[in-house]
Structure formats: C-alpha cells, structure tokens
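Q: sharing a sequence plus its predicted fold:
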Amino acid sequence: MLLDAAREAAAEAVGCRPDELIFTSSGTRAVHTGIAGALAGRRRAGRHLIVSAVEHSSVLHSAEPLEAAGGTVTQIPVDRTGRVDPAAYGDALRADTALACLQSANHEVGTEQPVAEVAEVCRAAGVPLLVDAAQSLGWGPVEGDWSLLTASAHKWGGPAGVGLLVVRKGVRFVPQGPVDERESGRAAGFENIPAIVAAAASLRAVRAEAAEEALRLRELTERIRVRVQRAVPDVEVVGDPVRRLPGVVTFSCLYVDGEVLLHELDREGFSVSSGSSCTSSTLTPSHVLRAMGVLSEGNVRLSLPVGVAEEDVERFLEVLPGTVAAVREKLGAPVASEVAREEDVLVVDSLGKRCPIPVIELAKVIGDVPVGGLVRVLSDDEAARLDIPAWCEMRSQEYVGEEPADEGTAYLVRRVS
C-alpha cells in the first residue's frame, strides 16, 4: 500500500500514469535501464542513438556498449550557452535511429533545453525521446510529448538511492538482464520502501513551494550573475541567461586554478563545486564546458539550496573578489627566460605546466607582439586545447589553430588589438 501510494504521488508530479513509472536504485540506474531497454525494444528499427554533447555522464556511458557492439552514436552540438538546436535533432534522425536522448536542464551550467520542440521532431519521425529530468523535476513537470523519463530523488532533496524511470504506454521496451516480478520486471530486487516513500513525500513537498521559491532563487542567481561580472575582472558567466534553472550559477575566472579557488572559498565557509579541468584527480576538462566552447579554468558552480539566506549570498559576493585576486597573485607571472622569438613569432614555453598557467603566460606576452603578430604557445596540458581558444574569444584575439610540436602541442594566437 505504501509503495502504491508513493507511485501515485510520484506519477502525479511527473504527469504520467502510475503503471508507467517504476522505482530504481538510483538515477544512474534509471538512465542505464531506460536506454538499454529502449534500444533493445527497437532493435529491428536500427542501432543508431542520438544524444546531446552535454548529457550527464550516465547517458554518455550508456552509449558506449552500443558503439562497442557495432552501433552508432551521434552527438548533437550546443551553442555557447549550452543549448541544442531542435533542428539539429531533425537533421540527425535516420531510418535506423532507435532512440534519442536529451536532458531537461544541464547539471553544470543550468541551461534548460527545448525538450518540447525536440520531442515533436522525434515524434514526427516515430523515434522515442528519453529525457533525463534529474535537474528539473523538483521544479515542475517536463513539457512535451516525450517517451521515456528518468530522475533521481536526491536532486530534489529526497534520499539518495532512489531513481525514477517512466516508460510511456506504447513505447517498445525490452528489459535487459535477469528480471523478476518486481517493478514490472524492469528493476530487479526488493524495493527500498522507506526511501521510496520519503522520495515521493519530498517531491510533493518541494513542488508545493516550487513556484514561490523559484522566483526568489532566480532573483538571487541574477544578482550573482550581474555582480560577479562587475566585481571580478576577466570573468565569464556561462549558461543561458534566461532559460535556466533557479539556483544554479556558473562562472569561470581567467588566470585562476579552479581547485585552489575552491579551497580558498571553503576557508571562508562556502562549499561550491567546479567543472574546471584543474583538479587533483584528472587533467581532462569538463565535457560540458568543452562542448560549449567556454573557459574551463577557474570554474565555479554555485547551487543555491532551497531556503538559502540572502545574507549568505551577499557575503559570498563580498568575499569572492578578494579571494580571486589572492589566488591570481599566488600564481604569479611568467619568467622572462620562458619567452623567446622564433622568426616573427613569439614563443611561450608552457610545457609541464597545468591550467591556467599557459593562458596566464599568453596574456602576459600578447602585448609584446605587434598587431597582426603571432604568439605560439607550447603546452602539454589537455585543457589548453579548450582554454586558449576560449581566452581568444573573451579577449577579442584571433585563435589561428594548433599544430604538432616536438613536445606537446603548439597553439597559435594572432594579436588583433
């Protein structure tokens, strides 16, 4: 009875029938189960999958077994705000397309996607659309004629370890792996009844206050977006400025190490995240920021929780400029011996140096070349492939391209002004 009541409450919030919704052990499991089952159900149609370039890693990882088995995957690009063009989905649809996927809103930058428009394009072609609604479901139902939907309870403040998978009636779906009689044979194992009840109750609770709280958080996020750009030099606020989630703000600071900045903000009592490539565990830039073509260095992601105090936002805005300035000072400037001339090209040797040092050194010497002159930056940091073009975009300089070097890669920048 408790499980049935929770299912009905969750289905009401999603906007589907109770018998279309099952509970899984996580949002990631819901994605994996949904994509695998939908692909298997449409095996006769083909083995082509469409995803956006900024999907959650759980979606991208779900595409890997398909490719390994000989299927094909098309990634839809996004613009600089992180938003897809619905027409691009139409162009990517083929006779053998089995499934298309699109998130409702991005987890790193908050940009909302045109799900309804993409769903219409897919529906006209007879292709089901799976929507990852993890980030947005707490704020409201996902509009459009989608076919499958996934979500995770902890994203709306519920307990971890509960996911939702909705498969609309009429969608061909074949569960993969061993099945049992639970959850329509789509999620094996005994249901975590207490967590499921808590997930449904929390979803209903946050939805009751969502409209009012969304207005308040949007005002606070807009305040942050405006004030950060005014108070901190050389900063880029990323994501769609209007069509975005309440409470999510992401910006990148030139000449700043993202991890160092996070540690310094933590000292001030602020727990924030980073999509920066400058982490202790990996040198690979965020795939979302890379797809958007924006700066990855010094990246900060703020997720304002429901009920956040306005005073905390104001204190963050007071602390941030000085913290960024202190981190930049610690990083210092390039030493003269690392700059040389190669014919009419100024060469900056940043080999062995991690982001954001290559960009810092580029910025320090760009004024030493005449307008129209070139700077050749040598770097073996993977992040430079994203950050140097992004710096050129921000500073109105021309990014010429990259070329092989004896060590690492050479990035050519032409001074425009």
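A: Done, it's in. Numbers count the residues shown, from 1 in each chain.

Q: the residue nearest to P65 when sequence neighbours are not counted: how many residues sit nearby?
A: Excluding the flanking residues, the one nearest P65 by C-beta to C-beta, 6 or more residues apart in numbering is A36, at 7.7 Å. Quick note: C-beta positions are derived from backbone N, CA and C, even for glycine. Burial of A36, expressed as a neighbour count using other C-beta atoms under 10 Å, amounts to 18.

Q: ok, A36 touching S62?
A: Yes. Using C-beta atoms under 8 Å, A36 is in contact with S62, at 6.8 Å.

Q: quick one, what contacts L289?
A: 108-109, 238, 252, 275, 295-296, 299, 386 (C-beta atoms under 8 Å, 6 or more residues apart in numbering).

Q: select the longest helix from the chain.
A: Counting by DSSP state H, the longest helix found in the chain is helix 193-231.

Q: who does that one touch, helix- and strand-wise?
A: Applying 3 or more C-beta pairs under 8 Å, 6 or more residues apart in numbering; DSSP states H and E, we find helix 193-231 packed against helix 2-14, strand 235-238, strand 248-253, helix 310-331.

Q: export these to JSON lines and tack on distance to V377, mean neighbour count and mean pLDDT?
A: Shown next, in JSON lines, are the helices and strands packed on helix 193-231 (distance: least, C-beta to C-beta, whole Å; neighbours: other C-beta atoms under 10 Å; pLDDT from 0 to 100):
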{"stretch": "helix 2-14", "distance to V377": "49", "mean neighbour count": "18", "mean pLDDT": "97"}
{"stretch": "strand 235-238", "distance to V377": "19", "mean neighbour count": "21", "mean pLDDT": "92"}
{"stretch": "strand 248-253", "distance to V377": "19", "mean neighbour count": "25", "mean pLDDT": "92"}
{"stretch": "helix 310-331", "distance to V377": "16", "mean neighbour count": "16", "mean pLDDT": "92"}
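
Q: any weak-confidence spans in the stretch 201-350 of the chain?
A: In the predicted model, the stretch 201-350 of the chain carries pLDDT under 70 at residues 275-285, 332-344.

Q: again, only this time at 90
A: By pLDDT under 90, the low-scoring segments of the stretch 201-350 of the chain are 229-230, 233-234, 253-260, 273-286, 293-299, 305-306, 328-346.

Q: quick check: V400 is in a helix.
A: No. Under DSSP: H, G, I helix; E, B strand; the rest coil, V400 sits outside any helix and is assigned strand.

Q: correct me, but it touches R414?
A: Yes. Contact criterion C-beta under 8 Å: V400 and R414 qualify, at 5.4 Å.

Q: hang on, H107 packs against H56?
A: Yes. Judged on C-beta under 8 Å, H107 makes contact with H56 at a distance of 5.9 Å.

Q: need the overlap of contacts for those two.
A: Common neighbours of H107 and H56 (C-beta under 8 Å, 6+ apart) are A134.

Q: residues making contact with stretch 226-244?
A: For stretch 226-244, contacts defined as C-beta under 8 Å, 6+ apart pick out 81-83, 105-106, 109-112, 221, 225, 248-255, 289, 292, 294-295, 317, 320-321, 324, 390, 394.

Q: pull the CA atoms of it into CSV?
A: In CSV, the C-alpha atoms belonging to stretch 226-244 read as follows (Å, rounded to 0.1, in the frame of the first residue of the first chain):
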residue,chain,number,x,y,z
VAL,A,226,25.5,40.6,-12.6
ARG,A,227,27.6,41.4,-9.6
VAL,A,228,30.3,38.8,-10.3
GLN,A,229,31.0,40.3,-13.7
ARG,A,230,31.2,43.8,-12.2
ALA,A,231,33.4,42.9,-9.2
VAL,A,232,35.8,40.4,-10.7
PRO,A,233,37.9,41.3,-13.7
ASP,A,234,38.3,38.7,-16.5
VAL,A,235,35.4,36.5,-15.6
GLU,A,236,32.9,34.8,-17.9
VAL,A,237,29.5,33.8,-16.6
VAL,A,238,28.3,30.8,-18.6
GLY,A,239,25.0,29.2,-19.4
ASP,A,240,21.8,30.7,-20.8
PRO,A,241,21.0,34.0,-19.0
VAL,A,242,17.2,33.5,-19.2
ARG,A,243,16.2,29.9,-19.9
ARG,A,244,17.9,28.3,-16.9
